[in-house]
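>>> Below: sequence and its predicted model.
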Amino acid sequence: MAARIERLVTSGQFTLDGGTWDVDNNVWLVGDDHEVVVIDAAHDADAILAAVGDRRLGGIVCTHAHNDHVNAAPALAERTGAVIWLHPDDLPLWRLTHPDRDPDAWLADGQVIEAAGADLTVLHTPGHAPGAVCLYDAGLGAVFTGDTLFQGGPGATGRSFSHFPTIIESIRDRLLTLPPGTKVLTGHGDPTTVGAETPHLDEWVIRGH
């Protein structure tokens, strides 16, 4: 059975640098009827568990460690036995939310995470956060971009641990080089495609300076 993509939206708060904002997050599930991987365990472990159902949870992959993307990860791991994956460059951010529980395994650029017929290739795309990653599957024709690339532009770089020139470089070199029809499945909001976003790169650079 071919892998499929499912989307769950959860709601909560994003907190950093002394500010707090209400947010809706996309939680992505990739797998089939028997096994699934969760990308970004946000806010609500119960809702994510319900979406997983009776399938085996093969892993919890964090695109980055802002609290709104990882706050439900330990509870989900505890209840399923799944491994939490994070890029090591985001450990300082992770510890702001989970000081007493580190991730279980480290993501590396080029690594492939297999899930029920899906092959998620890790692309290290720093800028929004030092350890931000995207997950690309050519077979699914999709890239999961977390908060690196959205419909209409790059993720925010106005807070700690972020850097605008770096996120532009990541998007230009790692994401806009993917096939134009690739679906961009984001950490918040609606999906887009690589082809829809590519023509706007120069606008983002001008806007960001």
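Everything's here; your move. Nothing here was measured: the structure is a model prediction, and the numbers come from that model.
>>> Do you have the strands of this protein handy? List them.
For the chain, the strands defined by DSSP state E cover 4-16, 19-31, 35-39, 56-61, 84-86, 105-106, 112-115, 118-124, 133-137, 142-146, 149-150, 153-154, 183-186, 192-193.
>>> Can you check which of the ones you listed gets nearest to residue 176?
strand 149-150 (8.6 Å; Cβ to Cβ). (C-beta placed from N, C-alpha, C; glycine too.)
>>> what's that closest one in contact with?
The contact list for strand 149-150 (Cβ atoms under 8 Å, 6 or more residues apart in numbering) reads 134, 155, 171, 175, 184, 186-189, 192, 197.
>>> if we go to 7 Å?
155, 171, 175, 184, 186, 189, 197 (Cβ atoms under 7 Å, 6 or more residues apart in numbering).
>>> Now tabulate those in CSV and tack on distance to residue 35.
Output for the contacts of strand 149-150, formatted as CSV (distance: Cβ to Cβ, whole Å):
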residue, distance to residue 35
155, 29
171, 31
175, 27
184, 25
186, 24
189, 28
197, 31
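>>> What is the nearest of those residues to residue 83?
residue 186 (23.9 Å).
>>> The closest one bridge partners, please.
Using DSSP bridges, the bridge partners assigned to residue 186 are residue 146.
>>> Save the contacts of strand 149-150 as JSON lines, and put in distance to residue 43, neighbour count and pLDDT too.
What follows is the contacts of strand 149-150, written out as JSON lines (distance: Cβ to Cβ, whole Å; neighbours: other Cβ atoms under 10 Å; pLDDT from 0 to 100):
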{"residue": "155", "distance to residue 43": "18", "neighbour count": "25", "pLDDT": "97"}
{"residue": "171", "distance to residue 43": "26", "neighbour count": "25", "pLDDT": "98"}
{"residue": "175", "distance to residue 43": "26", "neighbour count": "22", "pLDDT": "98"}
{"residue": "184", "distance to residue 43": "22", "neighbour count": "23", "pLDDT": "98"}
{"residue": "186", "distance to residue 43": "16", "neighbour count": "23", "pLDDT": "98"}
{"residue": "189", "distance to residue 43": "16", "neighbour count": "13", "pLDDT": "98"}
{"residue": "197", "distance to residue 43": "26", "neighbour count": "22", "pLDDT": "98"}
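>>> Among those residues, name the ones in helices.
residue 197 (DSSP state H).
>>> and which of the contacts of strand 149-150 is nearest residue 39?
residue 186 (11.0 Å).
>>> In this structure that closest one contacts residue 26, no?
Yes: applying Cβ atoms under 7 Å, one finds residue 186 in contact with residue 26, separated by 6.3 Å.
>>> Where among the strands of the chain is average confidence lowest?
Among those, strand 112-115 has the lowest mean pLDDT, at a mean of 93.
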